[in-house]
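Student: please find the sequence and the predicted model below.
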Amino acid sequence: MVKICCIGAGYVGGPTMAVIALKCPSIEVAVVDISIPRINAWNSDQLPIYEPGLEDVVKQCRGRNLFFSTDVEKHVSEADIIFVSVNTPTKTQGLGAGKAADLTYWESAARMIADVSKSNKIVVEKSTVPVRTAEAIEKILTHNSKGINFQILSNPEFLAEGTAIQDLLKPDRVLIGGRETPNGQKAIQALKDVYAHWVPEDRIIATNLWSAELSKLAANAFLAQRISSVNAMSALCEATGADVTQVSHAVGKDSRIGPKFLSASVGFGGSCFQKDILNLVYICECNGLPEVANYWKQVIKVNDYQKNRFVNRVVSSMFNTVSGKKIAILGFAFKKDTGDTRETPTIDVCKGLLGDKARLSIYDPQVNEDQIQRDLSMNKFDWDHPLHLQPLSPTAVKQVNVVWDAYEATKDAHGVCILTEWDEFKTLDYQRIYDNMRKPAFVFDGRNIINVDKLREIGFIVYSIGKPLDPWLKDMPAVA
Ligand SMILES: NC(=O)C1=CN([C@@H]2O[C@H](COP(=O)(O)OP(=O)(O)OC[C@H]3O[C@@H](n4cnc5c(N)ncnc54)[C@H](O)[C@@H]3O)[C@@H](O)[C@H]2O)C=CC1
Ligand SMILES: O=C(O)[C@H]1O[C@H](OP(=O)(O)OP(=O)(O)OC[C@H]2O[C@@H](n3ccc(=O)[nH]c3=O)[C@H](O)[C@@H]2O)[C@H](O)[C@@H](O)[C@@H]1O
């Protein structure tokens with residue numbers, strides 16, 4: 001029986017391995033992690049991450065051919081194929097701080113693999129890593145190998161949160177990079193055989209190692225670039241009376257451009273886009289390509305601009321001050337259908353409003369108070385480390401109140417900010433909300449999910465990203 005071990009039981013390791021176990025009953029899959037609470041949660045009824053369809057898959061396989069364990073060394077030493085899906089945060093100190101990927105966790109995993117292995121292994125990079133990381137990993141493994149043959153493959157993951165199970169069951173492509181040697185090709189074939197259990201052959205792409213590593217960074221950079229492009233257009237729409245939804249629709253009808261990923265928003269969030277682009281920028285700089293680095297840096301700058309612009313819209317609309325005013329924040333997760341808050345634009349918007357002394361009442365159907373308080377008090381990039389290495393009890397932000405209901409959040413509020421596109425926010429009783437708010441009552445829609453005309457009829461003053469401006473807002477300063 002082929003044995004797979006995945007180091008890192010996070011958003012990628014957990015769902016990816018669950019789907020492999022589901023589709024390959026003849027393979028034994030062990031997911032291991034240094035975090036005891038995380039593994040306990042994977043073994044309980046309350047999985048550590050919220051992802052539609054995940055619970056079903058886990059329940060079908062757990063205890064059959066899918067195991068979650070903290071016995072990292074045992075499972076690594078027994079495995080034929082080892083996926084490494086650990087954190088690759090942005091460095092906060094030293095060389096490359098603020099840009100380069102911190103490979104501490106990757107390196108320690110590689111050293112541990114070298115230490116405990118007694119048989120040949122295929123080691124698969126599942127984490128997103130800088131291009132040519134495989135070379136460094138190869139050096140660590142072969143310098144300590146005791147004659148064991150290690151083959152390194154790059155098999156980046158393209159799943160998106162909220163749709164992870166569907167993305168894994170029906171991937172657009174599976175990308176496998178390996179050495180162009182006979183052993184390298186054999187390793188590629190072994191991994192292809194795993195995916196071939198459910199992925200059509202023409203969707204499994206084999207490349208060299210560096211192409212696979214770089215393709216992952218490139219794909220995320222292209223996706224984020226589309227959002228920054230449409231968000232840049234949203235500012236111009238507001239200035240000219242165009243409607244960004246109509247512009248996106250018209251532009252996306254061009255089959256060369258396509259309709260997906262053209263929704264204007266308060267800004268992109270999530271654990272990877274910013275981190276991976278910063279990493280790409282750093283790699284370009286290290287390779288003497290400052291023009292290329294600056295090109296990609298702009299994608300992040302526009303994203304920051306969009307978040308600032310939103311905060312400024314809120315403050316300037318409300319007579320240039322939100323001091324002491326209650327603002328309801330609907331949605332904290334970085335997108336709908338996930339409880340993940342990593343790099344969510346809501347953090348920046350909340351911090352901006354708190355900077356102007358607002359009082360915030362926050363509601364998200366999947367994010368609890370503890371997480372919100374941690375996020376609002378944590379330093380930039382600190383979230384991307386294993387749980388036990390994060391600050392234990394950050395001080396709670398006093399002006400923040402977390403509630404479990406949108407109506408409670410909006411009661412007596414001066415303004416409402418919609419920051420995650422949860423479906424339930426589309427169908428709220430906005431008349432009831434209006435009746436219970438201070439007047440004039442403002443709605444700032446950072447996701448373009450509400451019916452602007454209907455809300456204006458009720459009496460709200462409405463700002464919706466990239467839409468023709470409410471007369472109230474027309475003469476207000478628009479930019480960051
Ligand atoms: N979250 C996402 O949607 C995607 C993430 N990625 C990449 O996948 C990688 C992992 O991301 P996530 O799963 O989101 O992170 P995560 O933080 O949810 O999971 C990483 C896990 O690795 C564990 N870990 C760290 N060092 C370890 C070690 N030495 N031994 C055992 N366990 C260790 C941590 O405790 C943590 O549970 C990152 O490189 C990320 O860029 C790629 C595609 C999608
Ligand atoms: O490497 C990763 O981590 C993953 O990053 C993204 O996935 P994810 O961050 O989970 O979610 P997305 O759906 O890409 O959304 C990212 C952010 O962009 C925003 N977004 C997305 C699409 C859009 O049109 N407009 C927009 O503002 C979302 O609201 C969210 O804040 C990529 O889509 C995945 O392919 C990739 O594997």
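Tutor: Sure, I can see it. Residues are numbered from 1 along each chain as shown. Ligands and ions are numbered 1, 2, ... in the order given.
Student: neighbours of Pro37, just the number please.
Tutor: Pro37 has 11 neighbouring residues, counting by other C-beta atoms under 10 Å. All C-beta atoms are positioned from the backbone trio N, CA, C, and that covers glycine.
Student: SS state for it?
Tutor: Under DSSP: H, G, I helix; E, B strand; the rest coil, Pro37 falls in the helix class.
Student: same check, this time on Ser127
Tutor: Ser127 - assigned by three-state DSSP - is coil.
Student: gap between the closest residue to it other than its chain neighbours and ligand 2?
Tutor: Of all residues not flanking Ser127 in the chain, Thr88 sits nearest, at 4.8 Å (C-beta to C-beta, 6 or more residues apart in numbering). Distance of Thr88 to ligand 2, given as C-beta to the nearest ligand atom, to the nearest Å: 10 Å.
Student: quick one: Thr88 and Glu107 touch, right?
Tutor: No. The criterion here is C-beta atoms under 8 Å, and Thr88 misses it with Glu107 at 10.7 Å.
Student: between these two, which one's more packed in?
Tutor: Neighbour tally, Thr88 and Glu107, criterion other C-beta under 10 Å: the higher count belongs to Thr88, 25 against 15.
Student: residues from this protein in reach of ligand 1?
Tutor: Within reach of ligand 1 by C-beta under 6 Å from any ligand atom, the chain has these residues: 7-13, 33-35, 38, 72, 85-88, 105, 108-109, 127-128, 157, 159, 161, 271-272, 386.
Student: tell me which element the residue nearest to Ser127 falls in.
Tutor: Applying DSSP states H and E as the criterion places Thr88 outside every helix and strand.
Student: what's near enough to touch it?
Tutor: Neighbouring residues of Thr88 by C-beta atoms under 8 Å, 6 or more residues apart in numbering: Ala101, Asp102, Leu103, Tyr105, Trp106, Ser127, Thr128, Val129, Lys275, Asp384.
Student: nearest to Tyr463, of these?
Tutor: Among the contacts of Thr88, Lys275 lies closest to Tyr463 (C-beta to C-beta), at 29.6 Å.
Student: nearest residue to the closest one other than its sequence neighbours?
Tutor: Excluding the flanking residues, the one nearest Lys275 by C-beta to C-beta, 6+ apart is Thr90, at 5.1 Å.
Student: you'd agree that neighbour is up against Ala101?
Tutor: Yes. Counting by C-beta under 8 Å, Thr90 touches Ala101, with 6.8 Å between them.
Student: what residues are shared contacts of these two?
Tutor: Lys275, Asn279.
Student: tell me the SS of Cys284?
Tutor: Three-state call for Cys284 (three-state DSSP): helix.
Student: count of neighbours near it?
Tutor: Residues near Cys284, counting by other C-beta under 10 Å: 18.
Student: and for the one 10 residues further on?
Tutor: Here the count is done by other C-beta under 10 Å, and Asn294 has 13 residues near it.
Student: what about it, which helix or strand?
Tutor: Secondary structure assignment for Asn294, by DSSP H and E: helix 290-317.
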